[in-house]
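>>> After the sequence you'll find the predicted model.
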Amino acid sequence: MTTNKLEQETTTLKLEGMSCAGCASAIEKAISNVSGVETCDVNFGAEQATVGFNPETTNVERIQKAVADAGYGASVYSQDDWLGGQQDEEKAKQEAATKDLKRKTIVGGIISAILMVGGLPMMTGLDIPWIPHWLHNFWLQLVLTTPVQFWCGASFYRNSWKAFKNRAATMDTLIALGTSAAYFYSLFVTLFSGVLREQGITPEVYYETSAVIITMILLGNFFELRARDKTSEAIRKLMSLQARSARVIRDGEVQDIPIEAVQIGDVVVVRPGEKIPVDGEVIEGGSTVDESMVTGESMPVQKQAGDEVVGATINKTGSFQFRATRVGKDTVLAQIVHLVQEAQGSKAPIQNLADQITGWFVPAVIAIALLTFIIWFNAMGNLTLGIINMVAVLIIACPCTLGLATPTSIMVGTGKGAENGILIKGAESLQIAHELNTIVFDKTGTLTVGKPKVTDFVTTIGNDGKKELKLLRLVALVEQQSEHPLAEAVVEYAQSQGIQLEETIQNFNAIPGSGVEATVSDRWLQIGTARWLKEEIGINTDFFSDQAQQWEAEGKTVIWIAVDGELQGLIALADTVKPASTEAVKALRNLGLEVVMITGDNETTANAIARQVGIPRVMAQVRPDQKAEQIVALQKEGKRVAMVGDGINDAPALAQADVGIAIGTGTDIAITASDITLISGDLQGVVTAIQLSRATIRNIRQNLFFAFVYNVAGIPIAAGILYPFLGLLLNPIIAGAAMAFSSVSVVSNALRLRNFKPS
Ligand SMILES: Nc1ncnc2c1ncn2[C@@H]1O[C@H](COP(=O)(O)OP(=O)(O)OP(=O)(O)O)[C@@H](O)[C@H]1O
Ligand SMILES: [Cu+]
Ligand SMILES: [Mg+2]
């Protein structure tokens, strides 16, 4: 990573023509070889590639060409795609592919059934009267099997040729080799059956082995395709939330226009029960809006002039007009879709092992298969069993299950997150979240609502109303320049006392984590923490010590006022704890996590709030620039730390934490430094995210276990290792069935994650 992040561009490509994880690694290799490409993640499950590259040395076209040269297709994922009709086009293409697969499976199925029935008397040694003998004729079997081998099974040959050109081998290689061995051996026997008989060998053919295996694998593919389709359901659900049209006021009249035609600044009319088409700001009227589809928050939200509305949410009772502020790919919904798409295509570290294995797996299997043949043929002198066992090894060893295990679970997991208002940036975050043991909460705006109100105001001059107001005016004038929530509260309070704030001030200076200072009306004002005034400036603060102590114990934030270096006043502000905070903290502790609160506020206040929400460990008086250091300190204690913050001023800490969880309040989703974004401000989302992560990783482990067990146990049995002891061989047909349905079972297991419910 030598290049600057800013110079790197990331693009997501939609891939075509992959049949297994082997293809994925072939594409990954091809893309990585393009000079200028810095990172590349190919996801087989999501059929997409996420490529980071330096736009100065390469471009998307060159990357696409590399993919095409490797024998696959890559198209650019445009965020506008799903707004227009391109989605339908892709759907039609997919439907055609499914239909083709279905037809081939049916033809293969019928022929296989005939072959199996014909083979029954031979296999069982019985003379079954209703089965005519000619059904077992070698030549008839040849005629029947040939279309299955080369028409139904065409894709296996095509794909293994593609892989071969890339000097790679995939699951298709194994299937093509395995079934070809059975077919051509049978062909040889058919042609020379006379010669074999003369030599005293009973000629036997294995046409049905090949036909049945091909059919079975096609059937498996068919089920897998249908099941995999369901893993991307979440995205489709999100996309379908998009409204089709909007009612806007143009040229003084209300017009119905398609959603793509809406422009920023358009005035949109929304009636009761209608879907809000794009993002905007209410300018007239009011209503309650159901935002659950975007935020996961089930309570409808009140809207009036000045409030933001989000596209795809549903207007309940009232009607209103709003001005469009974000359209097309800039809307909150479009961004969510984009993010989920990217996350679904990203790779979890847990997958690396599976990838490495698949890389050398196929060549190794071919070697084992050859060895099996050689041993059976040479040591046992049995050509037929040699061929059959070799075919069984080739078929059972198919690594496709291994390739599907992780990505399918990740897709379902991230999709499930989105449904619950939890945006997970990548598979890696989803994985790390299950290892967390410490959760650090920011206080203001995270555990509390973040809208403090002034509750008390006292001055050293006692109860002289006029002088008090004069001081408050000076304070508010200074605070007007600050963006701190405390400052806003002070200004609001002053205004509510009827104070006019129209005077320019000089030398304004904000000291983050301490306070603000400025000159107003020739007076030098310093407003901030006691520590700052006392220890850094040297002002005597004794006068208000007791008063401050009392307020702080009530959980109020106290700010101190000094004029010309002398203490003159004290303001207390209270912020309400979010109703869900206590619940969420409790749930997290029940999950076995240590919960910590971090704040710039002073010790006493912090402790009072911590007690209210049930947090045992507090880090108080931490300056904004020190928050990240505190996270490092926790990490040095050996902890895996998640930081939960409002995403704006906590950015460094969010980035430092193992998992940064940002609270996006309302429409303001700051998806920047965080790994996970909770779209609604509900802290319960933290609990859900961790539970979801644990469920997903558990699911992946199950999948990997199934995949490994099946391959590791299957290969030796297929090779005939049990034969000397138990006389047990694996019929290639059974191997084919096992192989076909192992991937179906992995995908079905991943789909179980769809039942995940936040508790
Ligand atoms: N504009 C300001 N006016 C008055 N006091 C301020 C101002 N900015 C900061 N302070 C003082 O500095 C303290 C620390 O501020 P800081 O922004 O680090 O934390 P906070 O917002 O109180 O809490 P948190 O860290 O939980 O967000 C505040 O509690 C307040 O006493
Ligand atoms: Cu396979
Ligand atoms: Mg703050």
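Nice, I can see it. Just so it is clear, the structure is predicted and the values come from calculations on it, not from any experiment. Numbering: from 1, shown residues only. Ligands and ions are numbered 1, 2, ... in the order given.

>>> Number of residues surrounding the residue nearest to Asn43 when sequence neighbours are not counted?
Of all residues not flanking Asn43 in the chain, Gly345 sits nearest, at 4.4 Å (Cβ to Cβ, 6 or more residues apart in numbering). Every C-beta, even on glycine, is put in place using the N, C-alpha and C of the backbone. Counted with other Cβ atoms under 10 Å, residues neighbouring Gly345 total 28.

>>> my guess is Gly345 contacts Phe44, does it?
No - the criterion here is Cβ atoms under 8 Å, and Gly345 misses it with Phe44 at 9.9 Å.

>>> quick revisit: quick one: contacts for the residue nearest to Asn43?
Taking Cβ atoms under 8 Å, 6 or more residues apart in numbering, we find Gly345 in contact with 12, 41, 43, 46, 48-50.

>>> before we move on, what about Val632?
Gln656.

>>> what about it, which SS state?
Put simply, Val632 is helix when judged by DSSP: H, G, I helix; E, B strand; the rest coil.

>>> any idea how far it lies from ligand 2?
To ligand 2, Val632 is 46 Å away according to Cβ to the ion, to the nearest Å.

>>> In the record's domain split, what are the boundaries for the chain?
The record, using the TED database to delimit domains, assigns the chain the ranges 9-77, 82-243+332-436+658-758, 263-326, 450-576.

>>> Is the last one in proximity to ligand 1?
The reference is to domain 450-576. Yes - Domain 450-576 is in contact with ligand 1 by Cβ under 6 Å from any ligand atom, via 479, 482, 484, 486-487, 513-516, 527-529, 557, 559.

>>> can you name the two of those residues that are farthest apart?
Within the residues of domain 450-576 next to ligand 1, Glu479 and Gly513 form the most distant pair, 15.9 Å apart (Cβ to Cβ).

>>> more neighbours, these two?
Neighbours were counted for Glu479 and for Gly513 using other Cβ under 10 Å; Glu479 has more, 27 against 18.

>>> just to revisit the earlier point, between the residues of domain 450-576 next to ligand 1, which sits nearest Leu430?
Using Cβ to Cβ, these come closest to Leu430 at Gly513, 33.2 Å.

>>> What parts of this structure come near ligand 1?
Counting by Cβ under 6 Å from any ligand atom, the residues of the chain close to ligand 1 are 442-444, 479, 482, 484, 486-487, 513-516, 527-529, 557, 559, 599-601, 623-624.

>>> What about the residues of domain 450-576 next to ligand 1, which one has the most neighbours?
Gly515 (29 neighbours).

>>> what bridges to Thr519?
Per DSSP bridges, the residues bridged to Thr519 are Gln506, Trp524.

>>> Give me the phi and psi for the closest residue to ligand 1 within the chain.
Nearest residue of the chain to ligand 1 (Cβ to the nearest ligand atom) works out as Gly600 at 2.1 Å. Per-residue torsions, Gly600: phi -90, psi -10 (degrees, to the nearest 10).

>>> closest point of the stretch 601-750 of the chain to ligand 2, which residue?
Met739 (5.6 Å; Cβ to the ion).

>>> what's the spacing between the helix or strand where that residue lies and its chain's center?
Here Met739, judged by DSSP states H and E, is contained in helix 732-751. Distance of helix 732-751 from its chain centroid, counting by Cα atoms, centre = their mean, to the nearest Å, is 26 Å.

>>> Over to Arg247. Which of the three states is it?
Recorded secondary structure, Arg247: strand (three-state DSSP).

>>> Please give me every residue in contact with it.
Arg247 neighbours (Cβ under 8 Å, 6+ apart): 254-257, 268-271.
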